[in-house]
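Visitor: Fold the stuff below for me.
(chains A and B)
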Amino acid sequence: MYELIAFYLFSALTIGLFLVTVLSKNVLYAMTSLAAGMVLISGFFFILGADFLGVVQLIVYVGAVMALYSFAMMFFDATRDIKEKNTHPALVFVLGGLSALVLVLMFAAPIHSDAITALYPMHAGVGNAQDVGIVLFTKYLIPFEVAAVMLLVAMIAGIILAGKKMDQSLTEDTSADDEIMTPKEEK
Amino acid sequence: MIGLTHYLIVSALIFSIGLVGVLRRRNLLMLFFATEVMLNAVNIAFAAISHYYNDLTGQMFAFFVIAIAASEVAVGLGILIVLYKKHGSLDLDDLANMRG
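Guide: Residues are numbered from 1 along each chain as shown, chains lettered A, B, ... in the order given. Take a look at the predicted model:
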């Protein structure tokens, strides 16, 4: 009963918040509703019994990714509304039609769901975090290490890309001002 | 009772919302947000299938999706900051300067 209520509540709220994210003209509204939707998605994970995944979703997405977005927001002009013009309605029409076709094909594709057997089944008396840990550090050890190296590469890339000319003050040094304020008509 | 189909329908709806965002937004930051929405929709489907087939593989793939999304955001935001310093805007039409 509670699962039913929670499922429908989380679904409605998540879909509404993500619609705000996609359709809003203000970057701050979009980012806030995206963060709230991610919190609710971790609720889905807790309903489904994937406790560790829910906690990782909260820490990584809501904690790290959204904090990164809000720090990056300091570089952009976040208070101004975004003006976008859709110049090619025919292109949007064609792309939307193709995506709908692909979705219909995916849903109509035959699946032998009876033939699916659990490769790494969950154990009844063991907690989710222990189960995940055992499988992650035995069967998925190499992807885990590769993911660690990938995160290191991404961290270095982020520091190098965003950290250029960080040692100069953006407000006092006039040469940095000139470089930032260079109008784009120059090209 | 909530079945696997319910979760898959919700996941497909959220994925479609993200797809609409990718198709119609022209601002690069909004494109990033729409990509995050799509990745989260896929994670819901993975967790639901993992629960209803009693298999841990779905959760493993969801973990790797989260790791890839985190590194994508780190690199992508660095590139966005460099682009904004260079051009003063994040609009895709302003950045289309390779047209001959």
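
Visitor: For the rest of this, base every contact and every neighbour count on C-alpha atoms.
Guide: Will do.

Visitor: residue ranges with poor pLDDT in chain B?
Guide: B:97-100 (pLDDT under 70).

Visitor: where exactly do the helices run in it?
Guide: Counting by DSSP state H, the segments of chain B that form helices are B:4-24, B:28-52, B:57-87, B:92-95.

Visitor: Dump the ones you listed to TSV, plus mean neighbour count and distance to chain A.
Guide: Output for the helices of chain B, formatted as TSV (neighbours: other Cα atoms under 10 Å in any protein chain shown; distance: least, Cα to the nearest Cα, whole Å):
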stretch	mean neighbour count	distance to chain A
helix B:4-24	19	5
helix B:28-52	22	6
helix B:57-87	20	5
helix B:92-95	13	9
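
Visitor: right, and these - which one's nearest A:Val92?
Guide: A:Val92 sits nearest to helix B:4-24 of all the helices of chain B, at 6.8 Å, using Cα to Cα.

Visitor: what comes into contact with the closest one?
Guide: A:11, A:15, A:18-19, A:22-23, A:86, A:92, A:95-96, B:30-31, B:34-39, B:41-42, B:44-45, B:48-49, B:52 (Cα atoms under 8 Å, 6 or more residues apart in numbering or on different chains).

Visitor: where does it sit relative to the chain's centre, distance-wise?
Guide: On the basis of Cα atoms, centre = their mean, to the nearest Å, helix B:4-24 is displaced by 11 Å from the centre of the chain it belongs to.

Visitor: Over to stretch A:53-71?
Guide: Going by Cα atoms, centre = their mean, where stretch A:53-71 is centred and where its chain is centred differ by 9 Å.

Visitor: Is chain B within reach of it?
Guide: Yes: under the criterion of Cα under 8 Å from any Cα of the partner chain, chain B is reached by stretch A:53-71 at A:Leu53, A:Val56, A:Gln57, A:Val60, A:Tyr61, A:Val65, A:Leu68, A:Tyr69.

Visitor: In helices, which of these fall?
Guide: Filtering those for helices - DSSP H - leaves A:Leu53, A:Val56, A:Leu68, A:Tyr69.

Visitor: Tell me the predicted confidence for the last one.
Guide: Confidence per residue is given as pLDDT, and for A:Tyr69 that number is 88.

Visitor: How about A:Glu179?
Guide: So A:Glu179 comes in at 58 (pLDDT).

Visitor: what do you get for A:Thr117?
Guide: At A:Thr117, the pLDDT value in this model is 76.

Visitor: how about the nearest residue to it, chain neighbours excluded?
Guide: Spatial nearest neighbour of A:Thr117, chain neighbours left out: B:Tyr53 (7.6 Å); criterion: Cα to Cα, 6 or more residues apart in numbering or on different chains.
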